[in-house]
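Enquirer: 3D model of this:
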Amino acid sequence: MRADHLTATFGALADPTRRAILARLAKGGASVAELAKPFDISQPAISKHLKVLEKAGLISRGRDAQMRPCHLEGKRLREATLWMQSYRRFWDESFDRLDVVLDELKRKEKARADDR
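Expert: The predicted model follows:
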């Protein structure tokens with residue numbers, strides 16, 4: 001089941017408009033109209049983006065009279081972060097190996113320069 005959540009999360013995060021919406025919601029809840037302001041797209045297009053984010057569990061929408069305020073939900077982002085962090089050791093070790101190779105190349109280059 002978690003893999004399905006990750007698929008939906010990363011699918012939703014693949015779009016720059018949806019990432020921008022999430023960044024805005026990280027500052028606090030907002031109405032659909034407030035979320036649409038910075039974009040040059042139609043209200044129905046924003047609504048479609050919000051539906052994708054909601055289906056992925058990244059946002060929730062409430063009801064306050066005529067408004068439908070949106071709020072960031074952190075659980076799915078946390079799951080994605082934890083999944084990505086599982087690869088951190090791989091990247092850290094890869095960079096450490098690269099540092100060793102680069103240091104060796106620098107040492108050899110310096111030795112050649114000293115021999116000249």
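
Enquirer: contacts and neighbour counts: CA atoms only from here.
Expert: Will do.

Enquirer: starting at the chain centroid, how far to the lengthiest helix in the chain?
Expert: Of all segments of type helix in the chain, defined using DSSP state H, the longest is helix 88-115. Here the centre of mass of C-alpha atoms in helix 88-115, compared against the chain's by C-alpha atoms, centre = their mean, to the nearest Å, lies 31 Å away.

Enquirer: What of stretch 50-70?
Expert: The chain centroid and the centroid of stretch 50-70 are separated by 19 Å, computed with C-alpha atoms, centre = their mean.

Enquirer: Contact partners for residue 18?
Expert: By C-alpha atoms under 8 Å, 6 or more residues apart in numbering, residue 18 lies in contact with 12, 49, 50, 53.

Enquirer: Residue 46 versus that one, what's the distance?
Expert: Plainly put, residue 18 is 9 Å away from residue 46 if you go by C-alpha to C-alpha, to the nearest Å.

Enquirer: Now residue 67. Its backbone dihedrals?
Expert: Taking degrees, to the nearest 10, you get phi -80, psi 150 for the backbone angles of residue 67.

Enquirer: measure it to residue 7 for me?
Expert: In this structure, residue 67 lies at 30 Å from residue 7, with C-alpha to C-alpha as the measure.

Enquirer: list the helices and strands the helix or strand where residue 12 lies packs on?
Expert: Using DSSP states H and E, residue 12 falls within helix 2-13. Using 3 or more C-alpha pairs under 8 Å, 6 or more residues apart in numbering; DSSP states H and E as the contact criterion, the elements in contact with helix 2-13 are helix 43-55, helix 75-85.

Enquirer: Of the ones you listed, flag the one that's most buried.
Expert: helix 43-55 (a mean of 17; mean count of other C-alpha atoms under 10 Å).

Enquirer: can I have that one written out in CSV, keeping just the CAs?
Expert: What follows is helix 43-55, C-alpha atoms only, in CSV (Å, rounded to 0.1, in the frame of the first residue of the first chain):
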residue,chain,number,x,y,z
GLN,A,43,-10.1,28.2,-12.1
PRO,A,44,-11.0,24.7,-13.4
ALA,A,45,-7.3,24.0,-14.1
ILE,A,46,-6.4,25.0,-10.5
SER,A,47,-9.3,22.8,-9.3
LYS,A,48,-7.8,19.8,-11.2
HIS,A,49,-4.4,20.4,-9.7
LEU,A,50,-6.0,20.5,-6.2
LYS,A,51,-7.9,17.3,-6.9
VAL,A,52,-4.6,15.5,-7.8
LEU,A,53,-3.0,16.9,-4.6
GLU,A,54,-6.0,15.9,-2.5
LYS,A,55,-6.2,12.4,-4.0
